[in-house]
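**Q** Here's a sequence, model it:
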Amino acid sequence: MAASPVQVTGTVLTTRRVDAYHALTVVAPGVADRTRPGHFVGVAVGGPSTSMLTRRAFAIHDVKPDYGGTVELVFTVRGPGTAWLADLRARDTLDLVGPLGRPFPLPRDPCTCVLVGGEYGSASLFALADALQQRGCRIDFVLGAPSADRVFGALRARRMGETTTLTTEDGSIGMRGKVTDVLPGVIADTRADVVYACGPMAMLQGVTAVAVEFDIPVQVAVEEAMACGIGVCMTCVLPVIGDDGVTRMVRACTDGPVFRGERVRFEDVGTIPFDALGAPGGRHV
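**A** Numbering: from 1, shown residues only. Here you go, the predicted model:
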């Protein structure tokens, strides 16, 4: 379901550190009441006189009805834009547009769902878990990161899920390794019907391969760099196979960010495959 986005000037309600990450809660009526799990927002950074013209895209971690509607964003500092966000304080203002993108599809009937999150990509999974549980679904979490301070939401996952499996590459919490090392066992033990995942692209590729091996559907929220967030600039295009078997370069911001994992040509992300529709020397309408 595509929501109609709105642009609002929101007031920062709270800021906090969550291990390696920053969490920012913004009063954003109009955005909050339209948001569904998997949606994201485009945030203007740097203030009114900044040279940073493009918005930054952030998945929505949490939505609450307080103060007319709030949204919480979780991020890590990667450059001047996110550094500016990290310096905001309560009562500062923030220009944001949302909700954007296509959210996670929800099953019609109760089923067993494994939710896989990598680093702060897991932030968008908790609203999804709540929506799934409201439909009577069983939830099991698999969360991973390079180190313990970069695993987001472990305590909340343990409260919400039937089981929660943690992995870290350095072994500082949970099992040493990656989520794909433990995912086959979790799928087998829970007899999972579907996998949902959000995190780095390499993780999503691995999770998709595991789900395909078990012949169960997998929905992935891709992490692609976005400049406009509304489908104009074509920065976030990636190759996805359509229902007709034809590969098209689609926009992660408007056609996604959620896709069926087996349809995403992960090995070709960052390129235009020769057989994509409209590619030089490839398919043409």
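**Q** Could you report the separation of residue 212 from residue 107?
**A** Distance from residue 212 to residue 107, counting by Cβ to Cβ, to the nearest Å: 19 Å. For every residue, glycine as well, the C-beta is placed using N, CA and C.
**Q** now residue 272
**A** Distance from residue 272 to residue 107, counting by Cβ to Cβ: 34 Å.
**Q** can you check residue 217 too?
**A** Distance from residue 217 to residue 107, counting by Cβ to Cβ: 9 Å.
**Q** any residues in contact with both of those two?
**A** Common contacts of residue 217 and residue 107 (Cβ atoms under 8 Å, 6 or more residues apart in numbering): 193, 194.
**Q** Between the two ends of stretch 234-242, how far is it?
**A** For stretch 234-242, the first-to-last residue distance is 18 Å (Cα to Cα, to the nearest Å).
**Q** for the record, mean pLDDT for that stretch?
**A** For stretch 234-242, the mean pLDDT works out to 92.
**Q** in the stretch 151-285 of the chain, which spans are strands?
**A** Using DSSP state E, counting those that start in this stretch, the strands found in the stretch 151-285 of the chain span residues 163-168, 175-176, 194-198, 218-221, 237-241, 247-251, 258-260.
**Q** Any chance of CSV for those strands, columns mean neighbour count and distance to residue 94?
**A** What follows is these, written out as CSV (neighbours: other Cβ atoms under 10 Å; distance: least, Cβ to Cβ, whole Å):
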stretch, mean neighbour count, distance to residue 94
strand 163-168, 20, 32
strand 175-176, 13, 38
strand 194-198, 26, 23
strand 218-221, 26, 22
strand 237-241, 21, 28
strand 247-251, 20, 25
strand 258-260, 21, 25
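**Q** Nearest to residue 25 among those strands would be which one?
**A** Residue 25 lies closest, by Cβ to Cβ, to one member of these: strand 194-198, at 19.9 Å.
**Q** where does the stretch 151-285 of the chain have low pLDDT?
**A** 281-285 (pLDDT under 70).
**Q** Show the residue spans covered by the helices in the protein.
**A** 80-86, 125-134, 154-160, 179-190, 201-213 (DSSP state H).
**Q** got those as TSV, with distance to residue 142 columns?
**A** Formatted as TSV, those follow (distance: least, Cβ to Cβ, whole Å):
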stretch	distance to residue 142
helix 80-86	26
helix 125-134	10
helix 154-160	9
helix 179-190	5
helix 201-213	9
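**Q** Residue 170: which of those helices is closest?
**A** Among these, helix 179-190 sits nearest to residue 170 (Cβ to Cβ), with 13.8 Å.
**Q** about what we covered before: let's have the strands of the stretch 151-285 of the chain in a markdown table, adding distance to residue 32.
**A** Shown next, in a markdown table, are the strands of the stretch 151-285 of the chain (distance: least, Cβ to Cβ, whole Å):
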| stretch | distance to residue 32 |
| --- | --- |
| strand 163-168 | 27 |
| strand 175-176 | 36 |
| strand 194-198 | 20 |
| strand 218-221 | 19 |
| strand 237-241 | 29 |
| strand 247-251 | 24 |
| strand 258-260 | 19 |
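**Q** For residue 19, find the nearest of the ones you listed.
**A** Of all these, it is strand 163-168 that lies closest to residue 19, at 12.1 Å by Cβ to Cβ.
**Q** helices or strands up against that closest one?
**A** strand 138-145, helix 154-160, strand 175-176, helix 179-190 (3 or more Cβ pairs under 8 Å, 6 or more residues apart in numbering; DSSP states H and E).
**Q** Deepest-packed of those, please.
**A** A comparison of the helices and strands packed on strand 163-168 by mean neighbour count, using mean count of other Cβ atoms under 10 Å, puts strand 138-145 on top with a mean of 26.
**Q** chain center to it, what's the gap?
**A** Distance of strand 138-145 from its chain centroid, counting by Cα atoms, centre = their mean, to the nearest Å, is 14 Å.
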